[in-house]
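Any chance you can model this:
(12 chains)
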There are 12 protein chains.
Amino acid sequence: MKANVYKLIELTGTSTTSIEDAVDHAIKRAHKTIKSLCWFQVVETRGNIEKGRVNHWQVTLKVGFEVKD
Amino acid sequence: MKANVYKLIELTGTSTTSIEDAVDHAIKRAHKTIKSLCWFQVVETRGNIEKGRVNHWQVTLKVGFEVKD
Amino acid sequence: MKANVYKLIELTGTSTTSIEDAVDHAIKRAHKTIKSLCWFQVVETRGNIEKGRVNHWQVTLKVGFEVKD
Amino acid sequence: MKANVYKLIELTGTSTTSIEDAVDHAIKRAHKTIKSLCWFQVVETRGNIEKGRVNHWQVTLKVGFEVKD
Amino acid sequence: MKANVYKLIELTGTSTTSIEDAVDHAIKRAHKTIKSLCWFQVVETRGNIEKGRVNHWQVTLKVGFEVKD
Amino acid sequence: MKANVYKLIELTGTSTTSIEDAVDHAIKRAHKTIKSLCWFQVVETRGNIEKGRVNHWQVTLKVGFEVKD
Amino acid sequence: MKANVYKLIELTGTSTTSIEDAVDHAIKRAHKTIKSLCWFQVVETRGNIEKGRVNHWQVTLKVGFEVKD
Amino acid sequence: MKANVYKLIELTGTSTTSIEDAVDHAIKRAHKTIKSLCWFQVVETRGNIEKGRVNHWQVTLKVGFEVKD
Amino acid sequence: MKANVYKLIELTGTSTTSIEDAVDHAIKRAHKTIKSLCWFQVVETRGNIEKGRVNHWQVTLKVGFEVKD
Amino acid sequence: MKANVYKLIELTGTSTTSIEDAVDHAIKRAHKTIKSLCWFQVVETRGNIEKGRVNHWQVTLKVGFEVKD
Amino acid sequence: MKANVYKLIELTGTSTTSIEDAVDHAIKRAHKTIKSLCWFQVVETRGNIEKGRVNHWQVTLKVGFEVKD
Amino acid sequence: MKANVYKLIELTGTSTTSIEDAVDHAIKRAHKTIKSLCWFQVVETRGNIEKGRVNHWQVTLKVGFEVKD
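As a prediction, this is how the structure comes out:
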């Protein structure tokens, strides 16, 4: 690893099925515009409820990627 | 949205299989007595271990619901 | 429960599939050398990304076990 | 002050105008059913946005009141 | 342990003598209406002062209990 | 709500008059370039002082908006 | 800016009307004895309640000022 | 209560016997120079160990008192 | 003090009587195998409840000791 | 200072030599595209280790800059 | 160590060169009026930027000293 | 990276000269007994003071290493 610089962005992914799926959605979307994604960390796990059931998982994560020179 | 007031309660759901399942249990149980549940946020994820395996996932969450006039 | 003393150790389990699986790995490994594992709490959920997909989930947890006399 | 016991509940008040107004709404609503409210502390200040303007302030607070014998 | 659901409530117990006594007061009072109390965790320790002496210890704790079906 | 992805950005709004006004400034400015702003949360409230009076309120907030496909 | 040293003190201002007013009171009072106040940050927002209304806002803030040689 | 202003100072009290005693020491000492002490909150509980026993409890607390005009 | 290195371990001590006693148990047990214990800091205070009374205090602490060359 | 709006971005700078150097790298890189950088705050200090030595310091910081109209 | 009482004050030291230097400045300045300084802990590390370079490191620390009888 | 398991230990390194040096001391010492050290994160930076100068920097860090099968 060289003396690189990384940027972190914060995203909220959503999913009707699981926490992992919500994270995947966020990362897949970010990958469309940023190819150098390196790592993520989960910041918050929330969700909305409809009729006594989880409707959407809402997982906020920070995603880090290398900033090219 | 009108100028509503919401109440948050704190619950711990348990499950032998997954974090999502533990959250579902807590929300399903709360729904029995409170029909207006709106959202939740995960506060803590713990569990107990038996013979080197997770026995129960214990997920503490805050659940918000509208307080009717 | 007697007036026992417990020790907590911090581990990071990894998995290509899920948070629960990463926790299981860490606990299964710890169980090889410590038979009296009692409980765990998730401290942090991270992961590394390759080609726009989660490559490994990295879940840090504290695991508590009884210290025998 | 005797050796009293207090209970804390968590509420989210909303308002289109200000943080103070959102807090007032939550306390006024709680006062309808609990007459012995003593103090509050603000836990979180959020809001939703519509067309580039704050639509509702959402202020979460803990409210403490004396539990009578 | 079955896949139970627990509720956590937040209380402030007070005492003129000690932290432990303040916790005991809060739990004893809660037990009057809730028989299934399981565990507690101390959230904050405060107190008021009169004439250069602690007048009342004020200990805030979360108390968890099983929610029956 | 579909399985959307949201991005959060962090802004500091300033105002000579109030916290709410500082938040409004930040959101109004962000709205110039991002039309899909959904929600915000206050992260920090600071200010600078001149001659014993608050000169500017400086309120840092996270603002979330939907990332379009 | 030279290599100055600053001191931070912690104050609680109170007001019957607003958070901003409580902050103003604290800063105005501190300014009576310390002329070099530079900045503040809000640490906690609480209040006491009487008859279902906010009686006093209690805002705790840190205030920084330059320590002269 | 008028629109008073309070100051908070941070102290560490020590004791060979208990947490309560360490708090008492700190408050008693502060009372020598400040007569208007109102409340305290415990910030941290530490101690040093000698020969496998607690030698001194070291309890850090914030103490609030009214600032007179 | 030379340029020493210290290690911190995390323990939970339990007691039927007090927080101080739970800390003492943990330190006494650690001292059986580690003679160079220097300091501790309380991380969490919890307990379990039986029949409306504290059954065991459970105090988690970090304990630091010098690592010899 | 007018009623400006600032944006904060989060960066991780790396260096083989020191924390200060890692911060410098991140700021220097950000300055290439943003000329109005005003301040930073260190969020986290980490690093990777190779053969028992720090290989790279990894310092995460928030950097604030003015958003022009 | 007797059952002493310590006071903690909060300072921000600045330096154009390093974190350590900023801490040194704050301690050296405090030592001018308080001779019994014992320990410090770093609370926050910030700085201001000019022309894409760190202009001043601003390190906030708590400094503890013994309060004499 | 396979589905490895890592352990984190907490150490305090000390140095008379700098934060980096204190970290180096801790890692160098840990390396004597654990060859697979991978990463570290700084948890706390403190120090003791003698005669108005920093005597020792005390830097607490978590160090992670791979647990071999």
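
who touches the closest residue to residue A:52 other than its chain neighbours in this structure?
Distances taken as CB to CB, 6 or more residues apart in numbering or on different chains place residue B:31 nearest to residue A:52, at 2.9 Å, with adjacent residues excluded. C-beta: built from backbone N, CA, C; applies to glycine. By CB atoms under 8 Å, 6 or more residues apart in numbering or on different chains, residue B:31 lies in contact with A:51-53, B:37.

In helices, which of those residues appear?
If you go by DSSP state H, the contacts of residue B:31 have nothing in helices.

quick one: which of those residues has the most company?
Per-residue neighbour counts (other CB atoms under 10 Å in any protein chain shown) across those peak at residue B:37, which has 22 neighbours.

returning to what we had before: if I look at the residue nearest to residue A:52, how far off is residue C:33?
Distance, residue B:31 to residue C:33, by CB to CB, to the nearest Å: 43 Å.

quick one on the thing from earlier: pLDDT added to the contacts of residue B:31, as JSON lines?
Formatted as JSON lines, the contacts of residue B:31 follow (pLDDT from 0 to 100):
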{"residue": "A:51", "pLDDT": "96"}
{"residue": "A:52", "pLDDT": "95"}
{"residue": "A:53", "pLDDT": "97"}
{"residue": "B:37", "pLDDT": "98"}
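
Residue A:28 falls within a helix, correct?
Yes: the assignment for residue A:28 is a helix, going by DSSP: H, G, I helix; E, B strand; the rest coil.

quick revisit: in terms of pLDDT, where does the residue nearest to residue A:52 sit?
We have a pLDDT of 97 for residue B:31.

on that earlier part again, from the contacts of residue B:31, which is closest to chain H?
In terms of CB to the nearest CB, no member of those lies closer to chain H than residue B:37, at 33.8 Å.

Quick check: beta-bridge partners of that closest one?
Residue B:37 has these beta-bridge partners by DSSP bridges: residue B:65.

Settle this for me: it is touching residue A:52, isn't it.
Yes: here residue B:37 lies in contact with residue A:52, judged by CB atoms under 8 Å, at a distance of 6.3 Å.

Kindly point out which residues are neighbours of both of those two.
Shared contacts of residue B:37 and residue A:52, defined by CB under 8 Å, 6+ apart, comprise B:27, B:30-31.

wait, residue A:46 sits on residue A:58?
Yes: Residue A:46 lies in contact with residue A:58 (CB under 8 Å); the separation is 4.6 Å.

Could you confirm whether any residue of the host helix or strand of residue A:7 contacts chain J?
In this assignment (DSSP states H and E), residue A:7 forms part of strand A:5-15. Yes: residues of strand A:5-15 contacting chain J under CB under 8 Å from any CB of the partner chain: A:5-10.

nearest spatial neighbour of the residue lying farthest from the centre of chain A, skipping sequence neighbours?
What lies farthest from the middle of chain A is residue A:51; by CA atoms, centre = their mean that is 26.8 Å. Spatially, and ignoring its direct neighbours in sequence, residue A:51 is nearest to residue B:31 (7.7 Å; CB to CB, 6+ apart).

Starting from residue C:53, give me the distance back to the one you found.
Remark: distance between residue B:31 and residue C:53 (CB to CB) = 35 Å.

Show me the beta-bridge partners of the residue of chain A found nearest chain G.
Closest residue of chain A to chain G, CB to the nearest CB: residue A:44 (21.7 Å). Note on residue A:44: beta-bridge partners residue A:60, judged by DSSP bridges.

check contacts around it.
By CB under 8 Å, 6+ apart, the contact list for residue A:44 reads A:59-60, B:41-42.

So for residue A:28, what's the pLDDT?
Turning to residue A:28, the model gives it a pLDDT of 97.

Give me the phi and psi angles of the closest residue to it other than its chain neighbours.
Excluding the flanking residues, the one nearest residue A:28 by CB to CB, 6+ apart is residue C:52, at 6.0 Å. In terms of degrees, to the nearest 10, the main-chain angles of residue C:52 are phi 70, psi 20.

ok, now residue A:24?
The phi/psi pair for residue A:24 (degrees, to the nearest 10) is phi -60, psi -40.

doesn't residue C:54 make contact with it?
Yes: taking contacts as CB under 8 Å, residue A:24 lies within contact range of residue C:54: 6.4 Å.

more neighbours, those two?
Neighbours were counted for residue A:24 and for residue C:54 using other CB under 10 Å; residue C:54 has more, 22 against 17.

Leaving out chain neighbours, which residue sits closest to that one?
In this structure, residue C:54 finds its nearest non-sequential neighbour in residue C:47, 5.0 Å apart by CB to CB, 6+ apart.

residues in contact with the residue of chain A found nearest chain B?
Ranked by CB to the nearest CB, the top residue of chain A for proximity to chain B is residue A:52, at 2.9 Å. Listed by CB under 8 Å, 6+ apart, the contact partners of residue A:52 are B:27-28, B:30-31, B:35, B:37.

let's go with 7 Å and repeat that
Contacts of residue A:52 were listed using CB atoms under 7 Å, 6 or more residues apart in numbering or on different chains, and they are B:27-28, B:31, B:37.

Most widely separated two among the residues you listed?
Farthest-apart pair in the contacts of residue A:52 is B:28 and B:37; separation 10.0 Å (CB to CB).

so what's the backbone phi/psi at the single nearest residue of chain A relative to chain C?
Distances between chain A and chain C by CB to the nearest CB are smallest at residue A:31, namely 2.9 Å. For residue A:31, the backbone dihedrals (degrees, to the nearest 10) come out as phi -60, psi -20.

quick one: it from residue A:58, how far?
Distance, residue A:31 to residue A:58, using CB to CB: 20 Å.

And for residue A:16?
Distance from residue A:16 to residue A:58, by CB to CB: 11 Å.

Pretty sure residue A:54 sits against residue B:21.
No: between residue A:54 and residue B:21 there is no contact, the gap being 10.5 Å when judged by CB atoms under 7 Å.

remind me which residues of chain A are low pLDDT?
A:1-2 (pLDDT under 70).

Might you enumerate the residues of it proximal to chain F?
Contact residues (CB under 7 Å from any CB of the partner chain) of chain A with chain F: A:9-16, A:25-26, A:29, A:56.

among these, which two are most distant?
The span of these, defined through CB to CB, is set by A:9 and A:16 at 24.0 Å.

between the two, who's got more neighbours?
Using other CB under 10 Å as the criterion, residue A:9 and residue A:16 rank with residue A:9 on top: 19 against 15.

Return the residues in contact with residue A:21.
So, once contact is read as CB under 7 Å, 6+ apart, residue A:21 ends up touching residue A:15.

Let me know the secondary structure of it.
Residue A:21 ends up helix, using three-state DSSP.

Repeat that for residue A:34.
Of the three states, residue A:34 takes coil under three-state DSSP.

Pull the number of nearby residues for it.
Neighbours around residue A:34, by other CB under 10 Å: 15.

and residue A:41, how many neighbours?
Neighbours of residue A:41 under the rule other CB under 10 Å: 14.

Give me the angle between the helix or strand hosting it and strand B:37-50.
According to DSSP H and E, residue A:41 maps onto strand A:37-50. Using axes from the mean of the first three to the mean of the last three CA atoms, to 10 degrees, the inter-axis angle of strand A:37-50 relative to strand B:37-50 is 120 degrees.

Using PDB, list the CA coordinates for strand A:37-50.
Only the C-alpha atoms of strand A:37-50 are listed here, as PDB (Å, rounded to 0.1, in the frame of the first residue of the first chain):
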ATOM      1  CA  LEU A  37     -14.700   0.900  -3.400                       C
ATOM      2  CA  CYS A  38     -12.600  -0.700  -0.800                       C
ATOM      3  CA  TRP A  39     -14.500  -1.200   2.500                       C
ATOM      4  CA  PHE A  40     -17.600  -0.300   4.500                       C
ATOM      5  CA  GLN A  41     -18.700  -0.100   8.100                       C
ATOM      6  CA  VAL A  42     -22.300  -0.200   9.300                       C
ATOM      7  CA  VAL A  43     -23.300   3.000  11.100                       C
ATOM      8  CA  GLU A  44     -27.000   2.400  11.900                       C
ATOM      9  CA  THR A  45     -29.700  -0.200  11.300                       C
ATOM     10  CA  ARG A  46     -33.300   1.000  11.200                       C
ATOM     11  CA  GLY A  47     -36.500   0.200   9.300                       C
ATOM     12  CA  ASN A  48     -40.100   1.200   8.800                       C
ATOM     13  CA  ILE A  49     -43.000  -1.000   9.900                       C
ATOM     14  CA  GLU A  50     -46.400  -1.500   8.200                       C
END
